[in-house]
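>>> can you look at this prediction? I've put the sequence above it.
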Amino acid sequence: MPILHLRFHFHRKMAKFAIGSSPKIQVQLPDNPIRNSINSPFILMECAESCTYYHLLQGCIKQKSLADGKLIKAHIILTGFEPDRYLQNVLVNMYVKCGSLMDARRVFDQMGIDGRDSSSWTVMITGYSRHGFPHRALTLFGQMQAMGCVQSSEFTFSSVISACGNLALLELGMEIHGQVVTSGGECHVSVANALINMYAKCRRIRDARQVFDKMCEQERDIVSWTVIVAAYARYGPAVEALKLFHRMDTAGVEPNQFVFSGVVSACAKLGSLEQGMRIHEGIIRRGFECHLSVANALIDMYVKFGRLEKARELFDKMPQRDVVSWTVMLAAYAKHGAADEVLRLFHQMQQTGCEPNHLTLASVLSACTNSGSFELGMEIHDEVIRSGFQYHVSVANTLINMYSNFGRIDKAYDIFDKMRRRDLVSWNSMITGFANSGLVEEALKLFQRMPQGDIISWNAMIAGYVQNGLVDDAIELFKEMPEQTMFSWTTMIAGYAQTGNVSQALKLFREMPLRDTVSWNAIIAGLTHNEHDEEALQLFREMQLAGLKPDSQTFASTLPACANLAALEYGIQIHGEILRSGFQHDIIAANALIDMYAKCGSIQKASELFVKMLQRDTISWSSMIRAYATHGFGKEALKLFEQMEFSGLTPDHITLVSVLSACSHAGLVDEGYKYFNCMREYYHITPRTEHYQCMVDLLGRAGRLDEVLDFIYKMPIKPDASVWNCLLGSCRIHNNVQLAEYAAERVFELDPKNAATYVLLSNIYVAAGRWDDIEKVRKMMKENGAKKTPGCSWIELDKQVHVFLMGDDMSHPNNVCKSEELLWAVEGSMSISIQGVC
């Protein structure tokens, strides 16, 4: 008989038990102290009885030692020992518990139909169910029932019910529930728990609760409570999860980490931060704060309440993190626009070796889009391909959005075209991408190809038309919409306002069935944009009377109207409302206030606001630089620009316009040239028409007219009317009539109806005493249909702005009598002021 050397990882006590059960077994414990320390006896076996094999296999199950289990199986075969049904069941169980389902099924099949009992079937079904093969578990259960000679135990029922839950097979689960009731197995806690879990996964929370309520208080274990609390926390109503949590506490059942995870999630859904924080205190007292699932739930809760600092504090304290921990934190920073922090955190995640999932990659790609990091976005795309997530819908959608935003619409469409499955977001993202790139026809083709569009698809198409100035096409689609949302109405209002059709924008606004803050913001911004400033201020008052609270965007849309009318007092009133509304630290509102004060001549107040800002963006710096430049503080403007660069913010093309304007107003030609020449290489900004216009103005004001003409000729883009008008203005300063005529001719070619050019040329002729030429200009102006904008003046009195047009006695809406009343009011006001001074 051959001697087989077997190494088993089991306790010494078990080894002794095995020895005692068979006198034929020889045991040799090694002298090696390392082997002794890990409790690894070497057993020399010649033969063994079934009981000995049983205990040895149980040792393998306990230690999850598949290798040792296979050695025992090999020994059984070599010794020719015929295992009974009992031992075969243990072999199947060993393979199942050690994760080798193929070996388990092989032994199970070798047993034959007659050789199997209830335990054989149950072990195999349970193995499939617990190892993620619910289909196979149910198939085997069907075969078992077809035999009709084997009864299902509570363990069989709990396994197949769990399989139904994993596959969301409600009808089959209810059928098996009926069998459970018939067989009287509902009283078993494992079966009841499986039923609660199955109904919860099928979103039949009432049925889950019925099973839970039928259980006696003594029957319920921690699993029962955990499953029902988790069900309510996930599928709602979340308040029931908290009620059950308190009942659990009253019943004296100690919650585990999964219960805490569930109730924390319930607090997040209910929007109850206070209750969530109280539960957090209980978690700390019981020592569960550092448990992975609890910490993840807490981080997610604090993130949903906008408490990023608290969430990050918990995240940093975690002894271990999984992909969920990283993803929740990354998604939070991405949602709040902290793109740099997302990328920094993702780099840390990679260093720890934690593999990202599709949600992680989608968050990082969104951050790349928001931060303008195209090269990094392409690197992450490579990571997506390496990870095998390139066909995952959410990741592909994020990639489409990223490439569309970076102007790579070809790449975006390539990803869209290769997607194996598309959802509505995929179609809508691609339609929006085409529309934003000016490819409206392509967007329309895709819109018509959609299997079934939703309201977002219609809105995306309407927005695409509006963005590309095709308002007539947009209104046609708007009329065909199955349902017109507030977004649709607002988009159309903004579209008409952008094209200068203010009357139609106002008409649509008045026709809206319901209006929200965004709608009011759109019409106020549209009126301000089209210089209907008085109407914009009136609508702002209407909005307040309608009971709607302005947001930061409302204030940002209204304040430019105050700036355009130089209505400082009204602007100060709005500033007061900003303070009362709690928007004083809002960056959008603060930027609008700086611009308003600067344009109303209060440069000191603008500067004070800028200094007090807790956070500044590129617009903040640009607005203040422009304010200094406009008021003749060129050197202060350049000094502020240097501070901006030192702060780490990158200037945009608008900032550079303000800087060049500052150089122009201060006569700093060399500095202007320096900044202009640095635009491409240092700031990576391609000069636009407005930058060339600033340089023309800079050189023209400095009297370098020959140089400025050469500069215009060398422009890589065709100079427009504004560039030549700048030169015309410089000619007026330096009385260069010949060059003025040349510049005016270029303007007349490009914009013959520009009345300002005719007026400017006439003034140059007046200064030169060329009266005949003035008459020629007037005649040309009439022939070309150019109309001079009438002079306009306004006065702010009793918190109202009153506008008067030159040459129109009835220009004030309340007629000339009202105008006389205003004059008397002004005179009275001046008299009171003078008396006060005296």
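It's in.
>>> for Pro356, give me its contacts.
Applying Cβ atoms under 8 Å, 6 or more residues apart in numbering to Pro356 gives the contacts Val323, Trp326, Thr327, Phe346, Met349, Val364, Glu383, Ser387. Glycine gets a C-beta too; all of them are placed from N, C-alpha and C.
>>> among the residues you listed, which one has the most neighbours?
Of all the contacts of Pro356, the highest neighbour tally under other Cβ atoms under 10 Å goes to Val364, namely 30 neighbours.
>>> wait, that one sits on Leu343?
Yes - checked against Cβ atoms under 8 Å, the pair Val364 and Leu343 is within contact range at 7.1 Å.
>>> just give the nearest non-adjacent residue to Asp321, would you?
No, residue 321 isn't Asp; it's Arg. Cys354 (6.9 Å; Cβ to Cβ, 6 or more residues apart in numbering).
>>> pick out the residue nearest the middle of this structure.
Of all residues in the chain, the one closest to the mean position by Cα atoms, centre = their mean is Lys335, 3.9 Å from it.
>>> and that one, how far from Val328?
11 Å (Cβ to Cβ, to the nearest Å).
>>> ok, now Glu240?
With distances defined as Cβ to Cβ, the gap from Glu240 to Val328 amounts to 25 Å.
>>> between these two, who's got more neighbours?
Set side by side, Glu240 and Val328 show unequal neighbour counts under other Cβ under 10 Å, the larger going to Val328 at 25 against 17.
>>> for Val303, see how far away that one is.
If you go by Cβ to Cβ, the gap between Val328 and Val303 works out to 6 Å.
>>> anything in contact with each of those two?
Applying Cβ under 8 Å, 6+ apart, one finds that Val328 and Val303 are jointly contacted by Ala311.
>>> buried ones in the host helix or strand of Asp670?
Element membership for Asp670 (DSSP states H and E) is helix 669-681. Using 16 or more other Cβ atoms under 10 Å as the test for burial, helix 669-681 gives Val669, Glu671, Gly672, Tyr675, Phe676, Met679.
>>> how about stretch 195-206?
Going by neighbour count (16+ other Cβ under 10 Å), the buried part of stretch 195-206 is Leu195, Ile196, Asn197, Met198, Tyr199, Ala200, Lys201, Cys202, Arg204, Ile205.
>>> where does this structure have low pLDDT?
Within the chain, the segments meeting pLDDT under 70 span 1-49, 149, 786-838.
>>> neighbouring contacts of stretch 544-558?
The set of residues that contact stretch 544-558 without belonging to it, under Cβ under 8 Å, 6+ apart, is 515-518, 520-521, 524-525, 528, 536-537, 540, 543, 574, 577-578, 581, 583, 586, 588-589, 591-593.
>>> if we use 7 Å, what do you get?
For stretch 544-558, the surrounding residues in contact (Cβ atoms under 7 Å, 6 or more residues apart in numbering) are 517, 520-521, 524-525, 528, 536-537, 540, 543, 574, 578, 581, 583, 586, 588-589, 592.
>>> residue ranges for the strands of this structure, please.
Along the chain, the stretches classed as strands by DSSP state E are 4-7, 26-28, 42-45, 792-797, 800-805.
>>> how near is the nearest residue to Leu167 once chain neighbours are set aside to Lys549?
Counting by Cβ to Cβ, 6+ apart, Leu167 lies nearest to Pro134, which is 5.1 Å off, once chain neighbours are set aside. In this view, Pro134 and Lys549 are 52 Å apart by Cβ to Cβ.
>>> mind listing the helices for the stretch 151-300 of the chain?
Counting by DSSP state H, counting those that start in this stretch, residue ranges of the helices within the stretch 151-300 of the chain are 154-167, 170-183, 189-201, 205-214, 222-235, 238-250, 257-270, 273-286, 292-304.
>>> send me the third one as PDB with only the CA atoms.
What that stands for is helix 189-201. Written as PDB, here are the backbone C-alpha positions of helix 189-201 (Å, rounded to 0.1, in the frame of the first residue of the first chain):
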ATOM      1  CA  VAL A 189     -35.700  32.900  10.600                       C
ATOM      2  CA  SER A 190     -33.400  32.200   7.700                       C
ATOM      3  CA  VAL A 191     -36.300  31.800   5.300                       C
ATOM      4  CA  ALA A 192     -38.100  34.800   6.700                       C
ATOM      5  CA  ASN A 193     -35.000  36.900   6.300                       C
ATOM      6  CA  ALA A 194     -34.600  35.700   2.700                       C
ATOM      7  CA  LEU A 195     -38.200  36.600   1.900                       C
ATOM      8  CA  ILE A 196     -37.800  40.100   3.300                       C
ATOM      9  CA  ASN A 197     -34.600  40.600   1.300                       C
ATOM     10  CA  MET A 198     -36.300  39.200  -1.900                       C
ATOM     11  CA  TYR A 199     -39.300  41.400  -1.600                       C
ATOM     12  CA  ALA A 200     -37.100  44.400  -0.900                       C
ATOM     13  CA  LYS A 201     -34.900  43.800  -4.000                       C
END
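>>> for it, name the packing helices and strands.
Packed against helix 189-201 by the contact rule (3 or more Cβ pairs under 7 Å, 6 or more residues apart in numbering; DSSP states H and E) you find helix 154-167, helix 170-183, helix 205-214, helix 222-235.
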